[in-house]
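Engineer: curious how this folds, go ahead:
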Amino acid sequence: MEKYNLEFKKFFSKREVKVFNPHVHWMMLVRLFSVLFILAVIASVYFFNQIKDEKIFREKNVSTPENNLITRNQKLLDKVSDYFSEKETKMNSLKKEGINLEDPRIQK
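Structural biologist: Reported below is the predicted structural model:
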């Protein structure tokens, strides 16, 4: 057993300890993230130009915006139109008839 212990100690005692140099590791990290940043900027510019030229992510069956608005929101437009026409008729009737305020103290 002692023989193995001696060999084990000799093996690790002869081994040289490498000096850790943090500057080298920081430079490697800075270069790596610089390259990744440049690649991200290039990809962003590429996709921006592709989308701007409508080569990717374009909508199929695109019609004119005027027709699109009317067909998509016809029900909502009808509701809004009905609301304002009803409001206009109420306002006209109030102008013609006036407002009848009843005294709450008087019971019928």
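Engineer: after the lowest-mean-pLDDT helix or strand in the chain comes which helix or strand?
Structural biologist: Sorted by mean pLDDT, DSSP states H and E, the helices and strands of the chain end with helix 65-72, the least confident at a mean of 61. As assigned by DSSP states H and E, the chain's next helix or strand after helix 65-72 is helix 74-97.
Engineer: low pLDDT regions in this protein?
Structural biologist: 13-18, 59-72, 108 (pLDDT under 70).
Engineer: got the domain boundaries for it?
Structural biologist: With domains defined by automatic domain parsing, the chain comprises 1-58, 60-96.
Engineer: redo those domains as a markdown table? Include distance to Glu102 and mean neighbour count.
Structural biologist: Every residue, glycine included, has its C-beta placed from N, CA and C. Formatted as a markdown table, those follow (distance: least, Cβ to Cβ, whole Å; neighbours: other Cβ atoms under 10 Å):
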| stretch | distance to Glu102 | mean neighbour count |
| --- | --- | --- |
| domain 1-58 | 63 | 9 |
| domain 60-96 | 16 | 9 |
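Engineer: now those as CSV including distance to Asp103?
Structural biologist: Below are these laid out as CSV (distance: least, Cβ to Cβ, whole Å):
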stretch, distance to Asp103
domain 1-58, 67
domain 60-96, 20
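Engineer: so which of those comes closest to Ile106?
Structural biologist: Proximity of the domains of the chain to Ile106 was assessed by Cβ to Cβ; the nearest stretch is domain 60-96, lying at 22.6 Å.
Engineer: what packs against the longest helix seen in the chain?
Structural biologist: Using DSSP state H to define each element, the chain has its longest helix at helix 22-52. Helices and strands touching helix 22-52, as assessed by 3 or more Cβ pairs under 8 Å, 6 or more residues apart in numbering; DSSP states H and E, are absent.
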